[in-house]
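**Student:** quick one: sequence plus predicted model below, questions after.
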Amino acid sequence: MGLLASAEDAIVSWKPLTAREEAAKEDFLEGLAHGADILSRRPLPSHLTASAFVLDAAKENILLVFHGKARFWVQPGGHLEDGDAAVTEAALRETIEETGLSRDLLNDAKVVDLDHHALPGAFGHCRSHLDIGVAVFTDGTPEPTVSEESEAVRWFPLAALPEPVAPEFRRRLDGVLARMGQGRLG
């Protein structure tokens, strides 16, 4: 299965739990009408990305990166690349690049979130991302490494998230936790 087919499968098979999630799914399905162009940064101003909500197995801590361009804490993620075989693999690749964790520490990648968000002018041609969020689990909280892809990387208790976080991050995380039966942050 190619990357576009993987993205389509992830979106089509994702089951919305709320009216907001249903609207997000419809938005993503409309994006797929652009074919392979939706996978690239150009020519479209909106494109698919993949990110990972990296949680410890106890679901008490989350691994976040400080986004240098946007100046907030957020889950690791980014653009899809030609070598990515699947959306979940793109999310894992971005996590490895941005956190330094090795692939063997990242388990059970599963699509848990669809989020279409606008981008500020600092992102140039890119005006919005159709981000496919993936839940990934680790045993314990392995030590991350700051890389060229990240300004800072840290584990945070779910009950004590840092400031500032990305706009809508708490809503997205609440949805991920609800989907996993964990409840909401408050």
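**Tutor:** Perfect, I can see it now. Residues are numbered from 1 along each chain as shown.
**Student:** list the contacts for the residue nearest the centre of the chain?
**Tutor:** The residue lying closest to the centre of the chain (C-alpha atoms, centre = their mean) is S51, at 2.0 Å. By C-beta atoms under 8 Å, 6 or more residues apart in numbering, the residues touching S51 are 74-78, 91, 94, 131-134. C-betas here are computed from N, CA, C, even on glycine.
**Student:** the bottom helix or strand of the protein by mean pLDDT?
**Tutor:** When each helix and strand of the chain is scored by mean pLDDT, DSSP states H and E, strand 107-118 comes last, with a mean of 89.
**Student:** that one pairs with which strands, parallel or anti?
**Tutor:** Using DSSP bridges, strand 107-118 pairs in its sheet with strand 128-138 (antiparallel).
**Student:** helices or strands up against the following helix or strand past the strand it pairs with?
**Tutor:** Sequence-wise, the next helix or strand downstream of strand 128-138 (DSSP states H and E) is strand 153-157. Judged by 3 or more C-beta pairs under 8 Å, 6 or more residues apart in numbering; DSSP states H and E, strand 153-157 is in contact with strand 61-67.
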